[in-house]
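In: Only the shape, not the letters, is given here:
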Ligand SMILES: Nc1nc2c(ncn2[C@@H]2O[C@H](COP(=O)(O)OP(=O)(O)OP(=O)(O)O)[C@@H](O)[C@H]2O)c(=O)[nH]1
Ligand SMILES: [Mg+2]
């Protein structure tokens, strides 16, 4: 069973995008479940999402990549045991770290028969708010980009070419190995391409040594 995470800072368009990608995958015949992790007060309405024929679970009360990794793992295992999705698409909180979520997802193997595979880690970057992001939460955004397989520069329907270019430059500096894609959850641009990547590509399992080396490099460069 695959876990596909859509990371990105608060308000980067994760929920909007995730619903579109999930609908696309359902239309291709997949069984899709969704887990949304809300740490704030405004909760996504899981029932609303389910009207699209998806199974949706909401986890609140902390961040699923660290504080409540155990309840995330149990939710994944329960979904597998009751619904047997091909792919679970996860919206981590806006402050989650992708490798933490991979590790937490792998914990679920203790509670079910299936093995976890990871789809490419997709990190959304909000092109409309790129300047605010770089000023206010640069380190966090860098970490989310550094751990991405695909960086999706989002909201291009509303961002100037200049801002889109700044996003692209920033992403290339932080993670030259990431594939960069462009689009908009609102106008559906890029949705099919991400759905295809989730179907057909695999991201490595959590490996502590690899993560520590990446972290060491990031902080050495930041000195
Ligand atoms: N112009 C534009 N606005 C978008 C797009 N996607 C989302 N938005 C808007 O951005 C805001 C945040 O969208 P969400 O999908 O809730 O973003 P999120 O990342 O899930 O937010 P949190 O869960 O609160 O972190 C909403 O006002 C959306 O309408 C897009 O592709 N283009
Ligand atoms: Mg959301």
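Out: Here it is on my side, so go on. The model shown is predicted, which means the values in this text are computed figures rather than measured ones. Ligands and ions are numbered 1, 2, ... in the order given.
In: Please count neighbours and contacts with C-alpha atoms only from this point.
Out: OK.
In: measure residue 6 to residue 110 for me?
Out: Distance of residue 6 to residue 110, given as CA to CA, to the nearest Å: 24 Å.
In: more crowded one of the two?
Out: residue 6 (25 against 12; other CA atoms under 10 Å).
In: Okay, and the more buried one sits in which element?
Out: strand 2-8 (DSSP states H and E).
In: Just give me how far that strand sits from the chain centre.
Out: 3 Å (CA atoms, centre = their mean, to the nearest Å).
In: Let me see the mean pLDDT of the next helix or strand after it.
Out: Remark: after strand 2-8, the chain's next helix or strand is helix 14-27, criterion DSSP H and E. The average pLDDT within helix 14-27 is 94.
In: Give me the contact list for helix 14-27.
Out: Helix 14-27 is contacted by residues 6-8, 31-32, 49, 52-54, 89, 91, 124, 184-186, 188, 191-192, 194-195 when judged by CA atoms under 8 Å, 6 or more residues apart in numbering.
In: now do stretch 103-115
Out: 1, 3, 64-66, 69-70, 72-74, 76-77, 80-81, 116, 205-206.
In: Please repeat the previous calculation with a cut-off of 10 Å.
Out: Residues from elsewhere that reach stretch 103-115, judged by CA atoms under 10 Å, 6 or more residues apart in numbering: 1-3, 64-66, 68-81, 84, 98-99, 101, 116-118, 205-208.
In: now swap in stretch 179-187 and tell me
Out: Identification of contacts with stretch 179-187 by CA under 10 Å, 6+ apart yields 13-21, 122-127, 148-158, 164, 168, 171-172, 189-191, 193-194.
In: related to what we said a few turns ago, by the neighbour-count criterion, which of the contacts of helix 14-27 qualify as buried?
Out: Buried subset of the contacts of helix 14-27 (neighbour count, 16 or more other CA atoms under 10 Å): 6-8, 31-32, 49, 54, 89, 91, 124, 184-186, 191, 194-195.
In: What is the nearest of the residues you listed to residue 178?
Out: Nearest to residue 178 out of the buried ones among the contacts of helix 14-27 is residue 124 (CA to CA; 12.2 Å).
In: Now the residue nearest to residue 58 when sequence neighbours are not counted: which helix or strand?
Out: Spatially, and ignoring its direct neighbours in sequence, residue 58 is nearest to residue 36 (4.9 Å; CA to CA, 6 or more residues apart in numbering). Element membership for residue 36 (DSSP H and E) is strand 32-38.
In: other SSEs contacting that strand?
Out: Strand 32-38 sits against strand 2-8, helix 14-27, helix 46-50, strand 55-60, helix 69-83, strand 87-91, with contacts defined as 3 or more CA pairs under 10 Å, 6 or more residues apart in numbering; DSSP states H and E.
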